[in-house]
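K.L.:
please work out how this folds:
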Amino acid sequence: MVRVHSNVNLRVMAKKTVFIISTLVTLPMILAAWVEKKTTNKEEIFVTQGQFLSLFPGLIGVYLRAAYYFVTLEKSSWQIHIGFGSIFSSRIVHLGDHVSLGSYCVIGSAFIGDGVLMASRVSIPSGRHQHLTDSGEFSPIPRFDKVTIGKQTWIGEGAIILADVGANCIVGAGAVVTKTIPDKQIIAGNPARPIKQVFGL
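P.N.:
Numbering: from 1, shown residues only. Okay, the predicted model is just below:
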């Protein structure tokens, strides 16, 4: 029992060490994104650097992306996994502990709870009314809403999330979520709808 606990501590220390090294490597990018944030209302440098880091394969890429987004997002845990080709198009993102994104995900303004797992090619645009006013009229100025994904939710391959999804949900592959989904639901389809309740969570 003591040996297992010791091995876990060593593993966590090793991960923290690699994470700190990755932060130092990405520090020039972090500083450039910070200057952009303080001096403009744009996100071009932030997004461009994220696109560059998305191209690093394997564990090296995972740690570099985790380090960069840990500092540049609104809030992020260091214990995250961001797959190859995945990017954030907005700084206004909260990432909880142990969030995992597959490859080629695109995330806009979002609150993503602890333990959320996403397959590849998941898209979370910043809401579903980006070019409409509350009265339904066209607006040339984009409107960005924060989409919330509840903790411990699983999102399948190629899903598009346009509205909030509750905790402990399962979102089927290819689902298009256009309306708010409550906790503990299995949802699928386009538009997505609850097909079964999740029990035992």
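K.L.:
outline the domain layout of the chain.
P.N.:
In the domain annotation for the chain, the residue ranges read 1-72, 76-201 (automatic domain parsing).
K.L.:
any idea which of these is most buried?
P.N.:
When you average the neighbours per residue for each of the domains of the chain (mean count of other Cβ atoms under 10 Å), domain 76-201 leads with a mean of 18. All C-beta atoms are positioned from the backbone trio N, CA, C, and that covers glycine.
K.L.:
centre of the chain to it, how far?
P.N.:
A distance of 8 Å separates the centroid of the chain from that of domain 76-201, by Cα atoms, centre = their mean, to the nearest Å.
K.L.:
okay if I get the domains of the chain as TSV plus mean pLDDT?
P.N.:
Shown next, in TSV, are those (pLDDT from 0 to 100):
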stretch	mean pLDDT
domain 1-72	90
domain 76-201	89
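K.L.:
packing partners of the lengthiest helix in the chain?
P.N.:
Longest helix in the chain, counting residues (DSSP state H): helix 2-25. Here helix 2-25 touches helix 58-72, going by 3 or more Cβ pairs under 8 Å, 6 or more residues apart in numbering; DSSP states H and E.
K.L.:
in its sheet, which strands sit next to the helix or strand just after the helix it packs on, and in what direction?
P.N.:
Counting by DSSP states H and E, the element after helix 58-72 in chain order, helix or strand, is strand 75-76. Paired with strand 75-76 in the same sheet, following DSSP bridges, are strand 93-95 (parallel).
K.L.:
which outside residues touch the partner strand?
P.N.:
69, 73-77, 80, 107, 109-112 (Cβ atoms under 8 Å, 6 or more residues apart in numbering).
K.L.:
one more time with 7 Å, if that's ok
P.N.:
The contact list for strand 93-95 (Cβ atoms under 7 Å, 6 or more residues apart in numbering) reads 73-77, 80, 107, 109-112.
K.L.:
before we move on, what about stretch 33-49?
P.N.:
Contacts for stretch 33-49 (Cβ under 7 Å, 6+ apart): 29, 32, 68, 72, 87, 89-91.
K.L.:
now swap in stretch 153-162 and tell me
P.N.:
With Cβ under 7 Å, 6+ apart as the criterion, stretch 153-162 contacts 116-125, 127-128, 147, 149, 165, 167-178.
K.L.:
likewise for stretch 61-77?
P.N.:
Outside stretch 61-77, the residues touching it (Cβ under 7 Å, 6+ apart) are 18-19, 22-23, 25-26, 29-30, 33, 46, 49-50, 53-54, 56, 78, 80-82, 84, 88, 91-97.
K.L.:
looks like G166 contacts I181 (just checking).
P.N.:
Yes: G166 lies in contact with I181 (Cβ atoms under 7 Å); the separation is 5.6 Å.
K.L.:
contacting residues for the spatially closest residue to K151 that is not a sequence neighbour?
P.N.:
In this structure, K151 finds its nearest non-sequential neighbour in G113, 3.4 Å apart by Cβ to Cβ, 6 or more residues apart in numbering. Shown in contact with G113 (Cβ under 7 Å, 6+ apart): 96, 149-151, 167.
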